[in-house]
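Peer 1: Show me the folded form of this:
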Amino acid sequence: MNTNPLFSQWNYSGSIQPLTMNRLSENSQISLPFRIAELNIGFTKGDFDFKTNSAVEFRWTGGDPKIDFREVYLIWYPNWGEVKLGKQIHAWGAVDGNNPTDNLNPYDFYYMFLPGTDSKIGTLSASVKYYWDQWQLELVALPNHEGNRFPFDEPDFPISQSTEYFDPRDYIKEVPSEIEFGFKLNTTMGNSDFGLSYFSGRDRSFSLGGYFDTGQPTIDFPVILPEFSYRKTTMAGLDFVTFIGDFTLRGEGGYFRTENHFSYDFKNDLDASYLQYAFQIEYMTENDYIFTGQFIGSNILELEGVVYEQGFEEFFTRDIRQDDFQQGMGTPFAMFTDMGMFISASGNYWDNVLEIRVNTFMDLKDKQSMLGGVFSFSPVENWEVDCSISKFIGEEGTQFKEMEDFSHISLGLKYSF
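Peer 2: Numbers count the residues shown, from 1 in each chain. A predicted model of the protein is given here:
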């Protein structure tokens, strides 16, 4: 940190963290990108802050380090609130990690199991917060749409999609230029916080919108190819945090309305509404052990329209089925289950030299689950050894069954400065 007489100062922090991932089944290395280094730099002068959050993404096989400026933004603090402008990662919602109402930033699925903003992608945006009495109003505008980052052609990642024969990214309709926007209103009543939010934008995940005729027929019938798009979606959400004795209760829910308004040669004329929700209870003991339970769920409330299906030498329409629709906003875990539960426990020992966290995720509809544990040992200031284990279990036909071979142990050495 460096301070000068003009009441301005620089500050910085960061870490270097090489790590390895190996399969539990055969101890072979899993080669995926990870953030080997992070650096946060800030500058403060008067009522203004300038902040950056950058990382170096690296993989052991092939190397190819890439610098990612995850956030670069300016903050102004007037006497009535704050104004931010630049590339930012926003955090909406009340529960930990799985937030149906937090849709301003897309997700990076390479880091989907990391907590909080570590799994998000920064986007260009402007935000204004206004404070008065027990109320807080935040307005956010995003001039450009950006979708989730999905793994493609990653043989070590089971949710990766191969593009050897077909790459869906080549058939995504161009998103028209338009501003996405949202607002969040918060207030405090007694020992409780309540929030109301709204967002209008495009899905963070693309989905099948219809088919187009290439105009290059074969001998028997025209060549018809699928076409994908980011659907137009609005979300209205509620969240709360309250305290009852040693218990902390958190909850949030989002109502989504989405439509396919693009034109196609053969259009899946499918409009839908759906609900996502999450409830969390925490308990801290006198010894600072923390126990957490979180329930998440989603329901498709309404499906309207028809979808196309390819038959022999022709296309025909049929009635909609539940699996025809893919939720394009909300928590990523909605892609795994309609109803699930997280349970975790954590504790610190020897004056915070050792931290142990254990967790499990259980699908309450299908027989699949995930078990995990994290051990962090810090014998010397600024140095930390991290070891984590993830185990996936699932019956045939479940996504975690496909991820069983991805069960792994990760070992890392972290230096913070």
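Peer 1: how would you label residue 145: helix, strand or coil?
Peer 2: Residue 145 carries the three-state label coil when classified by DSSP: H, G, I helix; E, B strand; the rest coil.
Peer 1: Which strand in this structure has the most residues?
Peer 2: If you go by DSSP state E, the chain has its longest strand at strand 290-311.
Peer 1: which phi and psi does residue 332 have?
Peer 2: phi -60, psi -20 (degrees, to the nearest 10).
Peer 1: For it, give its distance to residue 410.
Peer 2: 20 Å (CB to CB, to the nearest Å). Bear in mind the C-beta positions are built from the backbone N, C-alpha and C, glycine included.
Peer 1: domains for the chain, by residue range?
Peer 2: Using automatic domain parsing, the domain parsing of the chain gives 1-77, 99-123+132-331, 336-417.
Peer 1: and the shortest one, what's its mean pLDDT?
Peer 2: Looking at domain 1-77 alone, the average pLDDT works out to 91.
Peer 1: Distance from the chain centre to that domain, please.
Peer 2: Distance of domain 1-77 from the chain centroid (CA atoms, centre = their mean, to the nearest Å) equals 18 Å.
Peer 1: May I have the predicted confidence score for residue 329?
Peer 2: So, for residue 329, pLDDT stands at 96.
Peer 1: ok, for it, nearest residue in space, not its chain neighbours?
Peer 2: residue 103 (4.9 Å; CB to CB, 6 or more residues apart in numbering).
Peer 1: Go ahead and confirm that neighbour touches residue 202.
Peer 2: No - taking contacts as CB atoms under 8 Å, residue 103 lies outside contact range of residue 202: 10.1 Å.
Peer 1: Might you report the residue contacts of the residue minimising distance to the centre of the chain?
Peer 2: For the chain, the residue nearest the mean C-alpha position is residue 107 (3.6 Å; CA atoms, centre = their mean). Residues in contact with residue 107 (CB atoms under 8 Å, 6 or more residues apart in numbering) are 119-121, 148-149, 204, 332.
Peer 1: still on that earlier bit, more neighbours: which of residue 103 and residue 202?
Peer 2: residue 103 (27 against 21; other CB atoms under 10 Å).
Peer 1: Am I right that the more buried one is in a helix?
Peer 2: No - judged by three-state DSSP, residue 103 forms no part of a helix; its state is coil.
Peer 1: measure it to residue 84 for me?
Peer 2: 18 Å.
Peer 1: Tell me how many other residues crowd residue 259.
Peer 2: 16.
Peer 1: beta partners of the nearest residue to it once chain neighbours are set aside?
Peer 2: Spatial nearest neighbour of residue 259, chain neighbours left out: residue 271 (4.5 Å); criterion: CB to CB, 6+ apart. Following DSSP bridges, residue 271 is listed with bridge partners residue 304.
Peer 1: Residue 271 is in contact with residue 304, isn't it?
Peer 2: Yes - under the criterion of CB under 8 Å, residue 271 makes contact with residue 304 at 4.7 Å.
Peer 1: Looking at the two, which is more packed in?
Peer 2: residue 271 (17 against 11).
Peer 1: Could you give the average pLDDT over stretch 145-161?
Peer 2: 94.
Peer 1: first to last residue in that stretch, what's the distance?
Peer 2: One end of stretch 145-161 sits 22 Å from the other (CA to CA, to the nearest Å).
Peer 1: Can you name the residues in contact with it?
Peer 2: Contacts of stretch 145-161 (CB under 8 Å, 6+ apart): 30-32, 106-110, 121, 123, 162-164, 167-169, 175, 178, 180, 201-206, 230, 332, 399, 402-403, 405-406.
Peer 1: do the same with stretch 87-97
Peer 2: Residues contacting stretch 87-97 (CB under 8 Å, 6+ apart): 53, 69-73, 99-105, 115-117, 120-125, 127, 140, 184, 193, 195, 197, 237, 239-241, 250-252, 278-280, 292, 294.
Peer 1: Pull out the buried members of the residues you listed.
Peer 2: Neighbour-count burial within these applies to 53, 70-73, 99-105, 117, 120-123, 125, 127, 140, 184, 193, 195, 197, 237, 239-241, 250-252, 278-280, 292, 294; the criterion is 16 or more other CB atoms under 10 Å.
Peer 1: Give me the subset of these lying in helices.
Peer 2: Using DSSP state H, no member of the buried ones among the contacts of stretch 87-97 sits in helices.
Peer 1: ok, back up a step: export the domains of the chain to TSV and append columns for distance to residue 88.
Peer 2: Formatted as TSV, the domains of the chain follow (distance: least, CB to CB, whole Å):
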stretch	distance to residue 88
domain 1-77	5
domain 99-123+132-331	6
domain 336-417	23
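Peer 1: separation between the residue nearest to the centre of the chain and residue 76?
Peer 2: According to CB to CB, residue 107 and residue 76 sit 29 Å apart.
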